[in-house]
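A.B. asks: Return a 3D structure for these sequence lines:
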Amino acid sequence: MSANESLDMSRDSENVRDASGDTDSRPSANLPGPDPSPQSILARWGKWWGKKDSAKPDGAAKADVAAPPTVAARHLTRWRNLLRPCFQARLTDVAANRSALAWQEQYQAADAVHRRAMIEVLTEMANTPPAAPGPAPEGAALAKILSDGRVRFFKRLNGLPDGLRFLLGLRADLLHWRKALPGIAPLDADLQELLSHWFDVGLLELQRMTWDSPASLLEKLMIYEAVHEISSWTDLRNRLDSDRRCYAFFHPQIPNEPLIFVEVAFCAEMADSVQSLLDESAPLEDLDKARWAIFYSISNTQAGLRGVSFGNFLLKRVIDELNRDLPKVKKFATLSPIPGFADWLKKLPPPRLADITDKRRKPSDTQVDTAAVTGAQVLTRLQQDDDAETQALGLRLAAHYLVHGNPGGQPVDPVARFHLGNGARIERLVWGADLSKKGKAQSCSMMVNYLYDLDELDANLSKLGYGKPEMSRAIARLL
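C.D. replies: Residues are numbered from 1 along each chain as shown. You can find the predicted model right below:
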């Protein structure tokens, strides 16, 4: 659900399940039946596409990346002088701490141009070995000296007032400029390692967010929601009503800033439409009859914590809370988006597209010319049409994307990678689960249910390690 690795995370809608959760006892209505035509889907679509103008490449040339504006030399010298003692002095050196504070204050007051320049100077200083008598160290010895200096600098910043919050913003800027400034990589690696310790799950506090929470926190939920935009205060109140739950992780040093939060709905059956879940006019769910907890949105709020994983611990802690508060709720699933599907399909080579769409076709079969139909054209058809054949094809392609999208065997979709990496299984694909503009653009309105079977999490995770994500028989029949 994901995980702006936010988890940049979107939510998916799911097909309706029996309350028993048995997804294999009968065929799903969304599964494609046998193809009555001797021609492949792509072959039958050939004439349709023949009437279209050939796809035109995007004529807009990429704008040249402008060179960063020049920053006065005196500023560069001042920043170097401030940073030098931060890397070389002892951790308890008062003068170095003052220099670090002065650098932090100047960074916070700087505009985007000067911040980039400050990061360039920081990168330069962080990768320059300190002057020392004797032969210059090399290899592993030099790498350790540089890393020790970087760690010393970050620890010094962390000891300053509101230093941890500042480091989160600094790392977000490092990630933003990482491609333009290759020297950032070792600096970022050391900071990520430190943040993984400073934000250890044992230090985080789980809090339930309600309509009675401080208004400042509620505003942040509206700002940080990354999957399904919160359109109004009424929308937010609906998501925090008595038949819903919202939980967030907080760090004690940043008590008013949610780090990640999850929104939960309760249903008698597995959810299959995000529009239904977000319907403000729908009656309250009877929690005595609810058997399913549906995680329909998970949002990471801090770009600076990218790569620092605690979303899996959030779900496990929330499940423990729900088991205590709502003992009748025994089944846990997501209604998740498929954010990378459209991009994957557009880039899919025509031969691979033909292999997926026509189960009877062998890879060596060259009798059917499918080169004229591209993934981009199929994507357009999926986004425009809603007939049974189109739905069947879309579900089949989505199943291949989730299971086989990455040649290395691991899920290429970020939301799939998050949930499967937590031990969930791919349970069901649902056509028309997210009819929003965003849902149609990224996954042709399809969503996926990931099932969290608490007794199978470890076994599922073990299979994923061998490149075999766990899936239901309904998903397997689509492959």
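A.B. asks: From here on, just use CA atoms for contacts and neighbour counts.
C.D. replies: OK.
A.B. asks: and the longest helix seen in the chain, average pLDDT?
C.D. replies: The residue-count maximum for a helix in the chain (DSSP state H) belongs to helix 139-158. Averaged over helix 139-158, pLDDT sits at 87.
A.B. asks: Show me how far that helix is from its chain's centre.
C.D. replies: Its chain's C-alpha centre and that of helix 139-158 lie 30 Å apart, by CA atoms, centre = their mean, to the nearest Å.
A.B. asks: Same question for that helix: list its buried residues.
C.D. replies: Buried residues in helix 139-158, counted by 16 or more other CA atoms under 10 Å: 142, 145-147, 149-158.
A.B. asks: Domain ranges for the protein, per the record?
C.D. replies: Using automatic domain parsing, the domain parsing of the chain gives 1-53+203-479, 73-201.
A.B. asks: Deepest-packed of those, please.
C.D. replies: Burial among the domains of the chain, expressed as mean neighbours by mean count of other CA atoms under 10 Å, is greatest for domain 1-53+203-479, which shows a mean of 19.
A.B. asks: Just the mean pLDDT for that domain, thanks.
C.D. replies: Averaged over domain 1-53+203-479, pLDDT sits at 83.
A.B. asks: Now do the helices in the stretch 201-350 of the chain.
C.D. replies: With helices called from DSSP state H, counting those that start in this stretch, the stretch 201-350 of the chain shows them at 215-224, 233-239, 274-277, 311-325, 341-346, 350-357.
A.B. asks: Figure out which of those helices is closest to Arg417.
C.D. replies: Taking CA to CA, helix 311-325 is the member of these nearest to Arg417, at 11.4 Å.
A.B. asks: Can you spell out which helices and strands pack onto that closest one?
C.D. replies: Helix 311-325 makes packing contacts with strand 244-250 when contacts are defined by 3 or more CA pairs under 8 Å, 6 or more residues apart in numbering; DSSP states H and E.
A.B. asks: what packs against the strand it packs on?
C.D. replies: Judged by 3+ CA pairs under 8 Å, 6+ apart, strand 244-250 is in contact with strand 205-208, strand 260-267, helix 311-325.
A.B. asks: other SSEs contacting the first one?
C.D. replies: This points to strand 205-208. strand 244-250.
A.B. asks: let's go with 10 Å and repeat that
C.D. replies: Packing partners of strand 205-208 (3 or more CA pairs under 10 Å, 6 or more residues apart in numbering; DSSP states H and E): strand 244-250, strand 260-267, helix 311-325.
A.B. asks: export the shortest one as CSV, just CAs?
C.D. replies: Think strand 244-250. Below are the C-alpha coordinates for strand 244-250, written out as CSV (Å, rounded to 0.1, in the frame of the first residue of the first chain):
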residue,chain,number,x,y,z
ARG,A,244,-12.7,3.2,11.2
ARG,A,245,-9.2,3.3,12.7
CYS,A,246,-6.1,5.3,11.9
TYR,A,247,-2.7,4.6,13.6
ALA,A,248,0.6,6.4,13.4
PHE,A,249,4.2,5.9,14.5
PHE,A,250,5.8,8.8,16.4
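A.B. asks: wait, which of the helices and strands packed on strand 244-250 is closest to Ala112?
C.D. replies: Ala112 lies closest to strand 260-267 among those, at 26.5 Å (CA to CA).
A.B. asks: What strands line up against that closest one, and which way round?
C.D. replies: strand 244-250 (antiparallel), strand 292-300 (antiparallel) (DSSP bridges).
A.B. asks: re earlier: format the helices of the stretch 201-350 of the chain as TSV; extra columns: distance to Leu83.
C.D. replies: Shown next, in TSV, are these (distance: least, CA to CA, whole Å):
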stretch	distance to Leu83
helix 215-224	33
helix 233-239	45
helix 274-277	50
helix 311-325	35
helix 341-346	43
helix 350-357	53
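A.B. asks: for those helices, which one sits closest to Thr301?
C.D. replies: Nearest to Thr301, of all the helices of the stretch 201-350 of the chain, is helix 215-224, at 5.6 Å by CA to CA.
A.B. asks: quick one: Met209 and Ala248 touch, right?
C.D. replies: Yes: using CA atoms under 10 Å, Met209 is in contact with Ala248, at 7.0 Å.
A.B. asks: Between these two, which contacts overlap?
C.D. replies: By CA atoms under 10 Å, 6 or more residues apart in numbering, Met209 and Ala248 have these common neighbours: Leu221, Pro258, Phe261, Val262, Glu263.
A.B. asks: Tell me the bridge partners for the last one.
C.D. replies: Looking back up the chat, that one is Glu263. Counting by DSSP bridges, Glu263 forms beta bridges with Cys246, Ser297.
A.B. asks: Might one say that Ser273 is in contact with Gly439?
C.D. replies: No: applying CA under 10 Å as the test, Ser273 and Gly439 come out as separate, 11.4 Å apart.
A.B. asks: Is Pro161 in contact with Leu101, as I believe?
C.D. replies: Yes: between Pro161 and Leu101 there is a contact under CA under 10 Å: 8.9 Å.
A.B. asks: hmm, back to that, mind picking the two most distant members of the shared contacts of Met209 and Ala248?
C.D. replies: Greatest spacing in the shared contacts of Met209 and Ala248, by CA to CA: Pro258 and Glu263 (13.1 Å).
A.B. asks: So for Asp286, what's the nearest residue that isn't a sequence neighbour?
C.D. replies: Nearest residue to Asp286, sequence neighbours excluded (CA to CA, 6 or more residues apart in numbering): Asp243, at 7.4 Å.
A.B. asks: so what's the one you found up against?
C.D. replies: Contacts of Asp243 (CA under 10 Å, 6+ apart): Val264, Ala265, Phe266, Cys267, Pro283, Leu284, Glu285, Asp286, Leu287, Ala290.
A.B. asks: Pull the contacting residues for the second one.
C.D. replies: With contacts defined as CA under 10 Å, 6+ apart, Ala265 is in contact with 239-241, 243-246, 271, 277-278, 285, 290, 292-297, 334-335.
A.B. asks: got it, and the third one?
C.D. replies: Under the criterion of CA under 10 Å, 6+ apart, the contact list for Phe266 reads 243-245, 277, 284-287, 289-295, 329, 331-332.
A.B. asks: Same check on the fourth one?
C.D. replies: Residues counted as contacts of Cys267 (CA under 10 Å, 6+ apart) are 19, 243, 277, 285-287, 289-294, 329, 331.
A.B. asks: Go through those residues and say which is closest to Asn449.
C.D. replies: Closest approach to Asn449 among the contacts of Cys267 (CA to CA): Ile294, at 9.1 Å.
A.B. asks: Val318 is in contact with the closest one, correct?
C.D. replies: No: Ile294 lies out of contact with Val318 (CA under 10 Å); the separation is 11.6 Å.
A.B. asks: joint contacts of these two?
C.D. replies: Common neighbours of Ile294 and Val318 are listed as Val264 (criterion: CA under 10 Å, 6+ apart).
A.B. asks: Skipping its backbone neighbours, what lies nearest Ala126 in space?
C.D. replies: Counting by CA to CA, 6+ apart, Ala126 lies nearest to Arg150, which is 5.9 Å off, once chain neighbours are set aside.
A.B. asks: try Phe341
C.D. replies: Leaving aside its chain neighbours, Phe341 sits nearest to Ser443 (5.4 Å; criterion: CA to CA, 6+ apart).
A.B. asks: follow-up on the earlier one: for the longest helix of the chain, packing partners?
C.D. replies: In this structure, helix 139-158 packs against helix 73-88, helix 94-109, helix 112-126, helix 163-176, helix 184-198, with contacts taken as 3+ CA pairs under 10 Å, 6+ apart.
A.B. asks: To Ala303, which of the ones you listed lies closest?
C.D. replies: When those are compared by CA to CA, helix 163-176 sits nearest Ala303, at 5.3 Å.
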